[in-house]
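**Student:** 3D model of this:
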Amino acid sequence: GGVPPGGHPPAGVRPQQATAQQAAIAQQKQSAEENARIEAAKQAANKAGSSILAKRKIADLVSQVSPGDTVAPEVEEVLLEIAEDFVENVTNFACLLAKHRNSNVLEVQDLRLHLEKNWGIKVPGYMSDDRGGAASKAQKP
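**Tutor:** Alright, predicted model coming up:
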């Protein structure tokens, strides 16, 4: 508990206060450890050279949009960087919105809000309702 080995809490600190302080410290340590795990996972993914999109997907997209055309390798690299930066930016901001809702779960409404307000991108199948921006699944007739 919050009592030192001598059997008495520090002067001026009630046992309940000491316990609350210890709980707060434990929660801070847990948050720091979780953040360290997330950062380590990001670094491991970067070292492994994993990317959100593969160069092959870019080539496939180009061939769908403009059959017979190709993309220079340098352009593929730039497009990959742009796509990865975009996804990271949107995900990070949407996570901040989820935290603002006091949630640990990233939801479509977080992504939708950021994409619509900051990028002007509408998420297909989801639309704003009249309650100030909450997302609702579009109803099909």
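
**Student:** strands of the protein, start to end?
**Tutor:** With DSSP state E as the criterion, the chain has strands at 126-128, 135-137.

**Student:** worst average pLDDT in those strands?
**Tutor:** Mean pLDDT values for those show the minimum at strand 135-137, a mean of 47.

**Student:** tell me, how many residues neighbour Gln27?
**Tutor:** Using other Cβ atoms under 10 Å, Gln27 is surrounded by 10 other residues. The C-beta positions use only the backbone N, C-alpha and C, and glycine is treated the same way.

**Student:** got it, and Leu113?
**Tutor:** 19.

**Student:** what do you get for the one 3 residues further on?
**Tutor:** The burial metric for Glu116, expressed as a neighbour count using other Cβ under 10 Å, is 17.

**Student:** from memory it sits against Asp110, does it?
**Tutor:** No. The pair Glu116 / Asp110 is not scored as a contact, 11.3 Å apart, by Cβ atoms under 8 Å.

**Student:** could you report the neighbour count for Asp85?
**Tutor:** By other Cβ under 10 Å, the residues close to Asp85 number 11.

**Student:** any idea how far Thr19 is from Ile25?
**Tutor:** 11 Å (Cβ to Cβ, to the nearest Å).

**Student:** so if I had to pick from the two, which one is more boxed in?
**Tutor:** Thr19 (14 against 10).

**Student:** what pLDDT does the model give the more buried one?
**Tutor:** Confidence at Thr19, expressed as pLDDT, is 77.

**Student:** that's all I had, so thanks and see you.
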